[in-house]
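>>> Sharing a model prediction with you, sequence too.
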There are 2 protein chains.
Amino acid sequence: MARKGAADVAKQMRRSIESGEYRRFERLPASRQLAETFGVARNTLRDALYQLEREGLLQTKPGSGTYVTANEPAAIPNALEQAAPLELIDARFALEPHICRLSVLYGRREEFERLDELTLQMEHSIADPQKFAESDTAFHRTLATSTRNNLLIWLIEQINTVRSLDEWTRMRRLTLDPEIIKLYNRQHRVILDAIRTREPESAAIAMKDHLETARLSLTRASAT
Amino acid sequence: MARKGAADVAKQMRRSIESGEYRRFERLPASRQLAETFGVARNTLRDALYQLEREGLLQTKPGSGTYVTANEPAAIPNALEQAAPLELIDARFALEPHICRLSVLYGRREEFERLDELTLQMEHSIADPQKFAESDTAFHRTLATSTRNNLLIWLIEQINTVRSLDEWTRMRRLTLDPEIIKLYNRQHRVILDAIRTREPESAAIAMKDHLETARLSLTRASAT
DNA sequence: TTATATTGGATCGAAATTGGATCAATCTCT
DNA sequence: AGAGATTGATCCAATTTCGATCCAATATAA
């Protein structure tokens, strides 16, 4: 073999196409540019393209460009459905602490009152996991809303979509015993208080604690 | 340099339609105006429209206008298309530092090598904002990939579709002068080094610095 | 209804961009 | 050392894009 390899480039491009980065009918960048992007000679890149063309993924027209002929867009929404429980926790770990910080900055009084309401609801749902879960979802959604950041709101919505899937409701029945709910409620209080007193870092840390608890109860449940 | 082809315009419009930016039965802007919007000759734009018409997405009536005929998937709602520049920065602020931490935990050597490659490319693109931006996008995408978290990867993909929109390319032209690119390159190095030496918090902090810089240059550009 | 403006449709040559092809030099692995 | 792959460079032919101009169909306002 040698340094980079036409096969390696082909492999990488195949993944890009299958992942939906390039979709049907779309034109790939020019071969000269693609070669530079992959850090490879144009000759090698053309070998890679030729390989993919023989597989029926691409079609290249002289003087025009190289076009994607096949592709399965079904892979995109699957990323959400197939998300593993721990993957979801990690995603929330990334998003929600910062959402707390932004909520401190941009949140409005009426949203904080709404959060207070939802927390009260959860505190009255200690024996009802179903109702607790609904309020909990609304709590995190409202938190996202209070950032006034449409993109973040949308991202949280997507994550909530995952949480409402079948497997997740089952998982929740396993983890949501009254003791856990009480703990979650205390944590929600801490988060809300920190936001109301305008302490961004305290709020973020409180959220991290909350998510850490969720991760623990999840791993414990899946271990049994 | 890289001229924009009809297929590229078609790609953008296809995604705009599928994302719901243009709704069913709605009339598109006039072809002359659309051509200017895309920074392309009217001839090229018409080729793009013709492609989309053959795909059944559009229908054009001489003397009247071009109308959207299909648009049901609604997989990606408006929130993504209408995201403001600062909203996007905040979303990345939430996601990417934690992605750095996860990359330290789960990243593989070949991905770090790919990141190194991309950094080199960016360091050779100081005078070419277009190429820099492409490599930059790939850098952050690869970073997400290295977390092995499909949900996070998907979220970053969604955000990247926003970054590729028209307004963003225009905004990039305003902010990406050689000095800024050099600074970004240094920051990318710091991030990558921290990940390679397995220092999650350093990597996260470096990423925060990087995004803070991006935010500053953005606010400065929009202030002028 | 009529006049005017706006829309898409079509064509043209010049310039730019694209993929196709080839070759000697160099590198990598056996 | 030898076989095979990669590189970097050059030239070529096919195609596209551009910018401009003119035409026809429709929409709008008087």
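Yep, it's here.

>>> Assign A:Ile99 to helix, strand or coil.
Secondary structure, DSSP: H, G, I helix; E, B strand; the rest coil: A:Ile99 is helix.

>>> can you pull the contacts of A:Phe132?
Neighbouring residues of A:Phe132 by C-beta atoms under 8 Å, 6 or more residues apart in numbering or on different chains: A:122, A:125-126, A:176, A:181, A:184. For glycine as for every other residue, the C-beta is placed from the backbone atoms N, C-alpha and C.

>>> Quick check: of the residues you listed, which has the highest neighbour count?
Using other C-beta atoms under 10 Å in any protein chain shown as the neighbour test, these are led by A:Met122, with 24 neighbours.

>>> Assign that one to helix, strand or coil.
helix.

>>> That one and A:Arg54, how far apart?
Distance from A:Met122 to A:Arg54, counting by C-beta to C-beta, to the nearest Å: 58 Å.

>>> again with A:Thr147
Taken as C-beta to C-beta, the span from A:Thr147 to A:Arg54 is 49 Å.

>>> and if you look at A:Ser103?
Applying C-beta to C-beta, the value for A:Ser103 to A:Arg54 is 54 Å.

>>> Give the residue from these two that has the larger number of neighbours.
A:Ser103 (31 against 9).

>>> center of chain A, which residue is that?
Per C-alpha atoms, centre = their mean, the C-alpha nearest to the average position across chain A is that of A:Ala91, at 5.1 Å.

>>> surely A:Thr142 meets A:Arg114?
Yes - look at A:Thr142 against A:Arg114 with C-beta atoms under 8 Å: they come within range, at 5.3 Å.

>>> Hmm, A:Ala221 and A:Leu86 touching each other?
No - checked against C-beta under 8 Å, the pair A:Leu86 and A:Ala221 is beyond contact range at 11.6 Å.

>>> any chance you could map the strands in chain A?
Under the criterion DSSP state E, strands of chain A are mapped to A:58-61, A:65-68.

>>> With DNA strand D as the reference, name the closest of those strands.
Proximity to DNA strand D (C-beta to the nearest atom of the strand) singles out strand A:58-61 among the strands of chain A, at 6.0 Å.

>>> Adjacent strands (with direction) for the closest one?
strand A:65-68 (antiparallel) (DSSP bridges).

>>> who's in contact with whatever residue of chain A ends up closest to DNA strand D?
Nearest to DNA strand D in chain A, going by C-beta to the nearest atom of the strand, is A:Gly63, at a distance of 2.5 Å. Contacts for A:Gly63 (C-beta under 8 Å, 6+ apart) come out as none.

>>> Torsion angles phi and psi at it?
phi 80, psi -10 (degrees, to the nearest 10).

>>> what's the spacing between it and B:Glu53?
Going from A:Gly63 to B:Glu53 by C-beta to C-beta gives 23 Å.

>>> same thing with A:Arg14?
Shown here: A:Arg14 relative to B:Glu53, a distance of 30 Å by C-beta to C-beta.

>>> Could you tell me the model confidence score at the residue of chain A closest to DNA strand D?
We have a pLDDT of 85 for A:Gly63.

>>> what does chain A put close to DNA strand C?
Residues of chain A lying near DNA strand C by C-beta under 7 Å from any atom of the strand: A:1-3, A:28, A:30-33, A:42-43, A:46, A:49, A:60-66.

>>> Tell me which of those fall in helices.
Among these, the residues falling in helices (DSSP state H) are A:31-33, A:42-43, A:46, A:49.

>>> Can you turn the buried part of those residues into a PyMOL selection?
With 16 or more other C-beta atoms under 10 Å in any protein chain shown as the criterion, this PyMOL line picks the buried residues out of those:
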select buried, chain A and resi 31+33+46+49
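
>>> and which of the ones in helices among the residues of chain A next to DNA strand C is nearest to A:Gly107?
Nearest to A:Gly107, judged by C-beta to C-beta, of those is A:Gln33 at 45.1 Å.

>>> which secondary element of chain A has the worst mean pLDDT?
Every helix and strand of chain A was ranked by mean pLDDT, DSSP states H and E. The lowest is helix A:75-81, at a mean of 56.

>>> How much space separates A:Arg92 from A:Pro85?
To A:Pro85, A:Arg92 is 11 Å away according to C-beta to C-beta.

>>> When the two are compared, which one has more neighbours?
Legend: neighbour count by other C-beta under 10 Å for A:Arg92 and A:Pro85, higher for A:Arg92 (22 against 19).

>>> Chain neighbours aside, what residue packs nearest to the more buried one?
Sequence neighbours aside, A:Leu211 is the residue nearest to A:Arg92 in space, at 5.7 Å (criterion: C-beta to C-beta, 6 or more residues apart in numbering or on different chains).

>>> what sits against that neighbour?
By C-beta under 8 Å, 6+ apart, the contact list for A:Leu211 reads A:89, A:92-93, A:96-97.

>>> Out of those, which sit inside helices?
A:89, A:92-93, A:96-97.

>>> Would you point out the most distant pair within the residues you listed?
A:Ile89 and A:Pro97 (12.6 Å).

>>> Of the two, which one has the most company?
Neighbours per residue, other C-beta under 10 Å: of A:Ile89 and A:Pro97, the larger number sits with A:Pro97, 24 against 19.

>>> Quick check, pLDDT for the closest residue to A:Glu96 other than its chain neighbours.
Spatially, and ignoring its direct neighbours in sequence, A:Glu96 is nearest to A:Met207 (5.1 Å; C-beta to C-beta, 6+ apart). A:Met207 is assigned 97 on the pLDDT scale.

>>> May I have the helix ranked longest in chain A as CSV, with CA atoms only?
For chain A, the helix that runs over the most residues, judged by DSSP H, is helix A:200-223. Output in CSV follows, covering the C-alpha atoms of helix A:200-223 (Å, rounded to 0.1, in the frame of the first residue of the first chain):
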residue,chain,number,x,y,z
PRO,A,200,-25.9,31.2,35.7
GLU,A,201,-23.1,29.0,36.9
SER,A,202,-25.0,27.7,39.9
ALA,A,203,-27.9,26.9,37.7
ALA,A,204,-25.7,25.0,35.2
ILE,A,205,-24.0,23.0,38.0
ALA,A,206,-27.4,22.1,39.4
MET,A,207,-28.5,20.9,36.0
LYS,A,208,-25.4,18.8,35.7
ASP,A,209,-26.1,17.2,39.1
HIS,A,210,-29.6,16.5,37.9
LEU,A,211,-28.5,14.8,34.7
GLU,A,212,-25.8,12.9,36.6
THR,A,213,-28.5,11.5,38.8
ALA,A,214,-30.6,10.6,35.8
ARG,A,215,-27.6,8.8,34.2
LEU,A,216,-27.0,6.9,37.4
SER,A,217,-30.5,5.7,37.8
LEU,A,218,-30.5,4.7,34.2
THR,A,219,-27.3,2.6,34.4
ARG,A,220,-28.6,1.0,37.6
ALA,A,221,-31.9,0.1,35.9
SER,A,222,-30.2,-1.4,32.8
ALA,A,223,-27.8,-3.3,35.0
